[in-house]
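Colleague: Below is the sequence, then the predicted model.
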Amino acid sequence: MRRVAKWLVLLACVLWPAIQPAGMPHPASAPASADQTFGTEPLAIVVNRSNPVDELSMPELRAIFLGSRGHWSTGRRVTLVMRDIDAPERSVILRDVCGMTEQQFRTHFVRGLYNGEILISPKILASDTGVRRFIFNVPGAIGYLRLSEVDSSVKALRIDEHRPGDKEYKLRAPIQAGN
Amino acid sequence: MRTLSSRSEQSERPHAIGPVTRLLNAVSRQNKFVLIFSLCSGVAIIGILVLRDMRAANSEARQMYTRSVHGLRRIGEVQYEAQETRRCTLYALTTADSNLQVKYADQSRDADQEVKNGIKEFRERASTQYEQQLGTRLEEEWTRYLNVRDEVLALILEGSIPEAVRMDLSNGVPAFERVRQDLLEVQRLYDQDASRRQANLAESSRWSSIKLIGILGSTFLVASFSVIIIQRSRALNAIQLTRLQMEFVASMSHELRTPLAVLNIAADNLADGIVTIPDAVVRYGGIVRRQSRNMTELVDRILMFASTEDRRLHQTLEPLNVSAVLAEIVGTLESRIRDAGFSMTENIEPGLPPVLGNRVAIAQCLNSLIDNAMKYSGASRDIELRAAAAASPGKSASELQITVVDRGTGIDPSDMPKIFEPFYRSPRVQAAQIHGTGLGLSLARRMAESMGGKLSARSEPGRGSAFTLHLNFAAERDDEQDEEIIEDQTEVPRGKKDSSRGG
């Protein structure tokens, strides 16, 4: 019975791109065109304020977002927080941090969970406020927010020694109409 | 004899009366306005006491509302918010949707903030040490529960539901139960405080009612006492007046009976032809004339007293030569004084200015004073008449003082305040069977007052008495009138200006 369930999950992941609506562009594969955006904004990696970590390297960040690293240095379990699929910030993280498409990311997690290599699964939240409040409530949570959405309830990390406001900071999300 | 016996009965009566009657008699002699003032003061004190009680009750009721009722309402809200904090945490357990879990977590945090505010208010209002300890304990317990709650929420949001449930059951439930017990204790304290204040209010109200009833009762008693005293005072005055009048009638009967008896005998002897010798007829005629004069004088005095009874008698005043008036009066009385075996020494200050007075009134006044001196001279037969200018007590101007001095029995100090009362006769005098009407000094005083003057007396028992008639000098009186007119032109002229209306 468990074997059947595993095969069904694997089949669903493989067939996922095929059942997507035809007219809906994939955020990772089809980023916003230049005429739809108004420049970029730093995308901050945020953690709970009680978390002692202040800085991460890009490989460490990649390991966290891909579920390879399950605990913080304090021993607290890592809880990964992500926006829903339609959010452009998610596309930026998948592309610039994970180096994957949405499909590859999903497959990676399904396979990791199936094999027991990954013990966590991302929490999907519908809004920036939700992400912020989640991270505020969970000491081991990590997520991402546009810099303009960061407030004192969460802590923004340096990535590769660069603050989100620095020029050399790599993670940037496109500013779209309505953002 | 009848007068003497009744006097002796009255003198024994004060020893038989009780202390209450003595108190009533003592108070009855006081001015009734003092009683009314006392009554008003009593009513004012009642008002103040009642107002004070009402304010105290009002304050107690306000405190009861502010502290107890408001506190109970507030602690009810805090209890609700504490339950809401826990309820939202449990709601988060019931869903796998992270968005809903975050929403419930936020609701739980909002509710716990309300609880914190409520606990802070309670700690600020804590008045006893126990309340302060309870407030501190409640705050600590609530913080402890919130720490567990945060852990539980974190586990729920992480997706570790079984761990969250275990944590809540092992730590959250006991911690929340301790908070709940503390809140119940706070509620019990507020309840107890409200009950105590309600009891205080009821007690205060009951005491106020008792006080009010007591004070009203006291007021009623004081008022009744005052009415009794006033009525008693009037009754005492009436009784005293009646007694004096009865004594007066008895005295008059005695005074009239003697000359009438002499007249009757003389008339009978003359009418029956028993007395035919010319010398005897002349002697009888003299007796009839003298007794008739005595009776006439007596009747005149009574009539004069009756005419001055309303105390509104005013004499027509005129400037009089003091020496001439006194010489005339002494000349009129000389034969009578001499016949009675008295000698009169005159000591008139020469050059006295004219006095403002009435010749007849001065004569009547001095006549009474000299009669009085002859009556109470005892063994002494010397009477002195003085007239001198002297400083008037309380005035800048001087006045004329005409003094009749005797060296007789004197007046007992206890009798001094009463000697000018109509019909008053000292028990000592009555016991000595010295006849009189009790009107002489009273009449003399009224005459003095009718001239704008006054009559004063000094006496030393066993050494004699001195009665002084005080009269204003004519010139100074005119000056005073001028000053009064200058001071107040509109004022109706008083005093001797009214003397022009006559008596």
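Modeller: That came in fine, so what should we check first?

Colleague: all helices of the chain, in order?
Modeller: No chain in the question, so chain A it is. Taking DSSP state H as the test, the helices found in chain A are A:2-19, A:58-65, A:88-92, A:102-115, A:128-137.

Colleague: Chain B, not that one
Modeller: According to DSSP H, the helices that chain B contains are B:2-16, B:19-28, B:32-63, B:70-93, B:98-125, B:129-158, B:161-167, B:173-271, B:278-307, B:322-339, B:359-375, B:427-431, B:440-450, B:474-487.

Colleague: what angle sits between the fourth one and helix B:129-158?
Modeller: Going back to what we said before, that points to helix B:70-93. Calculated by axes from the mean of the first three to the mean of the last three CA atoms, to 10 degrees, helix B:70-93 forms an angle of 20 degrees with helix B:129-158.

Colleague: For helix B:70-93, enumerate the helices and strands it packs against.
Modeller: helix B:98-125, helix B:129-158, helix B:161-167, helix B:173-271 (3 or more CB pairs under 8 Å, 6 or more residues apart in numbering or on different chains; DSSP states H and E). Heads up, the C-betas are built off the backbone N, CA and C, glycines and all.

Colleague: how about the ones you listed in TSV, adding mean neighbour count, distance to residue A:95 and mean pLDDT?
Modeller: Below are the helices and strands packed on helix B:70-93 laid out as TSV (neighbours: other CB atoms under 10 Å in any protein chain shown; distance: least, CB to CB, whole Å; pLDDT from 0 to 100):
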stretch	mean neighbour count	distance to residue A:95	mean pLDDT
helix B:98-125	19	23	92
helix B:129-158	19	27	93
helix B:161-167	15	33	92
helix B:173-271	15	46	83
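
Colleague: tell me the contacts of residue B:437?
Modeller: B:248, B:251, B:252, B:255, B:298, B:301, B:302, B:423 (CB atoms under 8 Å, 6 or more residues apart in numbering or on different chains).

Colleague: For the helices and strands packed on helix B:70-93, give me TSV that also has distance to chain A.
Modeller: Formatted as TSV, the helices and strands packed on helix B:70-93 follow (distance: least, CB to the nearest CB, whole Å):
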stretch	distance to chain A
helix B:98-125	5
helix B:129-158	5
helix B:161-167	10
helix B:173-271	18
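
Colleague: Can you add distance to residue B:413 and give those back as a markdown table?
Modeller: As requested, the helices and strands packed on helix B:70-93 are exported to a markdown table (distance: least, CB to CB, whole Å):
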| stretch | distance to residue B:413 |
| --- | --- |
| helix B:98-125 | 74 |
| helix B:129-158 | 73 |
| helix B:161-167 | 107 |
| helix B:173-271 | 20 |
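
Colleague: Chain A contacts on the stretch 351-500 of chain B?
Modeller: Counting by CB under 8 Å from any CB of the partner chain, no position of the stretch 351-500 of chain B is adjacent to chain A.

Colleague: got any ranges where the stretch 351-500 of chain B has weak pLDDT?
Modeller: Counting by pLDDT under 70, the stretch 351-500 of chain B shows low-confidence ranges at B:393-397, B:476-500.

Colleague: quick revisit: which of the helices of chain A has the lowest average pLDDT?
Modeller: Lowest mean pLDDT within those: helix A:2-19, a mean of 52.

Colleague: Go ahead and confirm residue B:67 touches residue B:125.
Modeller: Yes: using CB atoms under 8 Å, residue B:67 is in contact with residue B:125, at 7.0 Å.

Colleague: where's residue A:88 relative to residue B:113, distance?
Modeller: Residue A:88 sits 35 Å away from residue B:113, going by CB to CB, to the nearest Å.

Colleague: if we can go back for a sec, among the contacts of residue B:437, which two are most distant?
Modeller: Pairwise distances across the contacts of residue B:437 (CB to CB) peak at 14.3 Å, for the pair B:298 and B:423.

Colleague: Off-centre distance for the lengthiest strand in chain A?
Modeller: Ranked by residue count under DSSP state E, the longest strand found in chain A is strand A:37-48. The chain centroid and the centroid of strand A:37-48 are separated by 12 Å under CA atoms, centre = their mean, to the nearest Å.

Colleague: which strands and helices sit next to that strand?
Modeller: Going by 3+ CB pairs under 8 Å, 6+ apart, strand A:37-48 lies up against helix A:128-137, strand A:141-146, strand A:154-156, strand A:172-176.

Colleague: can you tell if the first one touches chain B?
Modeller: What that stands for is helix A:128-137. Yes: residues of helix A:128-137 contacting chain B under CB under 8 Å from any CB: A:130, A:133, A:134, A:137.

Colleague: From the residues you listed, pick the one nearest residue B:474.
Modeller: For these, the nearest to residue B:474 is residue A:133 (115.4 Å; CB to CB).

Colleague: and that closest one, what is it in contact with?
Modeller: Taking CB under 8 Å, 6+ apart, we find residue A:133 in contact with A:153, B:102, B:105, B:106.

Colleague: Beta-bridge partners for the residue minimising distance to the centre of chain A, please?
Modeller: With distances taken as CA atoms, centre = their mean, the residue of chain A nearest its centroid is residue A:82 (4.5 Å). For residue A:82, the beta-bridge assignment (DSSP bridges) gives partners residue A:124.

Colleague: Quick check, residue B:442 in contact with residue B:420.
Modeller: Yes: Residue B:442 is within contact range of residue B:420, at 5.6 Å (criterion: CB under 8 Å).

Colleague: okay, the two: which has more neighbours?
Modeller: Comparing residue B:442 with residue B:420 by neighbour count (other CB atoms under 10 Å in any protein chain shown), the higher total belongs to residue B:442, at 20 against 16.

Colleague: which ones are touching that one?
Modeller: Per CB under 8 Å, 6+ apart, neighbours of residue B:442: B:305, B:420, B:421, B:422, B:423, B:424.

Colleague: What are the phi and psi values at residue B:317?
Modeller: phi -100, psi 150 (degrees, to the nearest 10).

Colleague: burial of it, as a residue count?
Modeller: Using other CB under 10 Å, residue B:317 has 25 other residues around it.

Colleague: do the same with the one 10 residues further on
Modeller: Residue B:327 has 13 neighbours, counted by other CB under 10 Å.

Colleague: And for residue B:274?
Modeller: Neighbours of residue B:274 (other CB under 10 Å): 11.

Colleague: which ones are touching it?
Modeller: Contacts for residue B:274 (CB under 8 Å, 6+ apart) come out as residue B:268.

Colleague: swap in residue A:162?
Modeller: Residue A:162 neighbours (CB under 8 Å, 6+ apart): A:168, A:169, A:170.

Colleague: what about the first one, neighbour count?
Modeller: This points to residue A:168. Neighbours of residue A:168 using other CB under 10 Å come to 9.

Colleague: so who does it touch?
Modeller: residue A:162.

Colleague: Now stretch A:145-162: buried residues?
Modeller: Burial within stretch A:145-162, assessed by neighbour count using 16 or more other CB atoms under 10 Å in any protein chain shown, is assigned to A:145, A:146, A:147, A:149, A:150, A:154, A:155, A:156, A:157, A:158, A:159, A:160.

Colleague: still on that earlier bit, need the contacts of residue A:133 in CSV (columns: distance to residue B:235).
Modeller: Below are the contacts of residue A:133 laid out as CSV (distance: CB to CB, whole Å):
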residue, distance to residue B:235
A:153, 97
B:102, 99
B:105, 95
B:106, 93
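
Colleague: which one among these gets closest to residue B:275?
Modeller: For those, the nearest to residue B:275 is residue B:106 (146.0 Å; CB to CB).

Colleague: nearest residue to the closest one other than its sequence neighbours?
Modeller: In space, and not counting its chain neighbours, residue B:106 is closest to residue A:133: 5.8 Å by CB to CB, 6 or more residues apart in numbering or on different chains.

Colleague: Could you do residue B:186 as well?
Modeller: Closest to residue B:186 by CB to CB, 6+ apart is residue B:75, at 5.2 Å.
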